[in-house]
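Q: Coordinates for the following, if possible.
(chains A and B, ligands or ions: 1)
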Amino acid sequence: MTETTRNGEYDDWLDSVEDGKAYYVRCDEGHGWLPPRRVCPSCGSRDLSEEPLPDSGEIATHTTITVATPQFEDDAPYVTAIADFGPVSITGLVRGVDPEDVAMEDVVGIEVGERETTGERAVVFRPR
Amino acid sequence: MTDPRIAGAGVTQFGKHPERTGRDLFAEAGLEALDQSGVDPDDVDALYYGNFMGELAEHQGHQGPLMAEAIGVDAPATRLEAACASAGAAVREAVKTLHNGEAEVIIVGGAERMTNIGTAAATDALAIAADDLYEIRAGMTFPGAYALMARAYFAEYGGSHEDLAHIAVKNHEHALVNEHAQIQKEITLEDALEAPTIASPLGLYDSCPITDGAAAAVLTTEGYAAEHDLDAPVAISGTGQGGDNLALQDRPHLARTPAADKAADEAYADAGIEAGDVDVAEVHDCFTIAEVLAIESLGLFDVGEGIDAAAEGTTSRHGDLPVNLSGGLKAKGHPVGATGVAQLATIAWVLDGSHPRADAVPEGSVGVAHNAGGTVASTTVHVLEVKE
Ligand SMILES: [Zn+2]
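A: You can find the predicted model right below:
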């Protein structure tokens, strides 16, 4: 991991995923978000709490990216997906499966991996 | 309240001009707009200017005054940034200011220099319209984001890459007579389907090119246009803008663009029209799927049916509702900060009969311009109408 200033609550959240204690931020009406959030953008509630992230999510959509930015040059081709964890959806890299075989509604777990290009941390989904 | 008039517009050739500075591109478009309008530059009350990636591409911030100077205008000048909807946002601010009676003449426009930094750096720069922490760090690119929306659309409503290819074929054909267009080359369905994939399911021909260019328009109040006997038959009769969560992951629906729904509703109400009154549209087809999402949000097609429009011919120049007669971003090109005003110019020229594709809608009197930023977290919609 390169030495850079941490992005506060974002890196705290990645730490939580890495430690197997992933959470999300929930308002009292049940809307889910990722940190930092001081107010729920949906309902305006400021009564937010950290709740355990469900153990697995479902692929809601995915793409195999062949033309990457310089920060992902050596990662390409790679799969980026949005996984639906119920109260919250998360964007991550799908690994541990051939890109051709990634399908909608595949069940995945979440972990923290590294970008091949820069070594920086990234959200990674693996098939369950 | 009367509707602002478009007194003149200017657009550079969109294409690869890596050695041309942003200020020179904008000067060309701005001076052409001023010349066409017949407005005295001393009468200009303000410049609203759109630009997205000037810091990254030219190491140049604070572009408002730079661009006013470039067109010989001594007036307050402000840059607006709303990703690819920057120029649409500039038009909207101008329209509101003219409505308020706080100005009589405003120049709107935008410019983007992109090809000088190369494809990789431009791809990187375009990506920053997305959420840096939660999207870019997960590998999302600009094409990748629209690919995620395309796959979600197919899953929800059906459709295929072939349906999208029809949009590319149509917009390339429309651009054949547009001298401002970056790509004036007819393509076949096979060309589009066999092109390399950039972010599945999207291929090279689903994507707009990387473009240098500028666009500008001179807007005046109806009173000023009458007083100075300007030839300005087209009015901006409605303006609307909508917003959405920045990150796709935070949206309840991945195959819809509610920011554009809101912008369209507001613009139509402002103009006193309905979707059924629209004769012609320029929409933000940065990717082919974006045209589908746009025409559905504009209410021109039902949700889930926009995917068939190009294949059925409805949105071609021969169809009932031509979309992107300019060639769209797809073939005309997409100098990000200029696009919204280039769309405005196209609709104005189609409605006043001076556009080379104006013959597609000889009786057309109502046009809309839909300009979307990022993955449609910002959208402006403007309604243009021919007045006496
Ligand atoms: Zn809430």
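Q: Give the pairing partners of the strand or helix carrying A:Val25; include direction for each.
A: Using DSSP states H and E, the element containing A:Val25 is strand A:23-27. Neighbouring strands of strand A:23-27 in its sheet, by DSSP bridges, are strand A:32-33 (antiparallel), strand A:48-52 (antiparallel).
Q: closest point of chain A to chain B, which residue?
A: A:Thr63 (3.7 Å; Cβ to the nearest Cβ). Quick note: C-beta positions are derived from backbone N, CA and C, even for glycine.
Q: tell me, how many neighbours does that residue end up with?
A: Here the number of neighbours of A:Thr63 (other Cβ atoms under 10 Å in any protein chain shown) works out to 31.
Q: Does it fall in a helix, a strand, or a coil region?
A: strand (DSSP: H, G, I helix; E, B strand; the rest coil).
Q: Tell me which residues touch the closest residue to it other than its chain neighbours, please.
A: Nearest residue to A:Thr63, sequence neighbours excluded (Cβ to Cβ, 6 or more residues apart in numbering or on different chains): B:Ala147, at 3.7 Å. The neighbourhood of B:Ala147, defined by Cβ atoms under 8 Å, 6 or more residues apart in numbering or on different chains, consists of A:63, A:65, B:199-202, B:287.
Q: A:Thr61 versus B:Ala147, what's the distance?
A: Distance from B:Ala147 to A:Thr61, counting by Cβ to Cβ, to the nearest Å: 8 Å.
Q: How about A:Ala68?
A: From A:Ala68 over to A:Thr61 the distance is 18 Å, taken as Cβ to Cβ.
Q: go on, B:Thr346?
A: 32 Å.
Q: Same question for B:Gly364.
A: Taking Cβ to Cβ, one finds B:Gly364 at 37 Å from A:Thr61.
Q: More neighbours: those two, which one.
A: The neighbour count for B:Gly364 versus A:Thr61, taken as other Cβ under 10 Å, is higher for A:Thr61 (26 against 19).
Q: Run through the bridge partners of the more buried one.
A: Applying DSSP bridges, one finds that A:Thr61 bridges with A:Ile82.
Q: is it true that it touches A:Ala81?
A: Yes. Here A:Thr61 reaches A:Ala81: they are 6.7 Å apart, a contact under Cβ atoms under 8 Å.
Q: Identify the contacts common to these two.
A: With Cβ under 8 Å, 6+ apart, A:Thr61 and A:Ala81 have common neighbours B:Leu148.
Q: what ranges do the helices span in the chain?
A: Let's take chain A. If DSSP state H is used as the criterion, the helices of chain A fall at A:8-18.
Q: not quite, I wanted chain B
A: Using DSSP H, the helices of chain B run over residues B:22-37, B:54-58, B:63-70, B:86-99, B:118-127, B:142-157, B:161-174, B:189-194, B:222-227, B:258-271, B:288-297, B:309-312, B:328-332, B:339-352.
Q: Which pLDDT value goes with the residue nearest to A:Thr63?
A: With respect to pLDDT, B:Ala147 scores 98.
Q: gap between it and B:Asp74?
A: 46 Å.
Q: would CSV of the strands paired with strand A:23-27 with mean pLDDT and mean neighbour count be doable?
A: Below are the strands paired with strand A:23-27 laid out as CSV (pLDDT from 0 to 100; neighbours: other Cβ atoms under 10 Å in any protein chain shown):
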stretch, mean pLDDT, mean neighbour count
strand A:32-33, 98, 22
strand A:48-52, 98, 13
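Q: Looking at these, spot the one closest to B:Thr375.
A: Counting by Cβ to Cβ, B:Thr375 lies closest to strand A:32-33 out of these; the figure is 17.6 Å.
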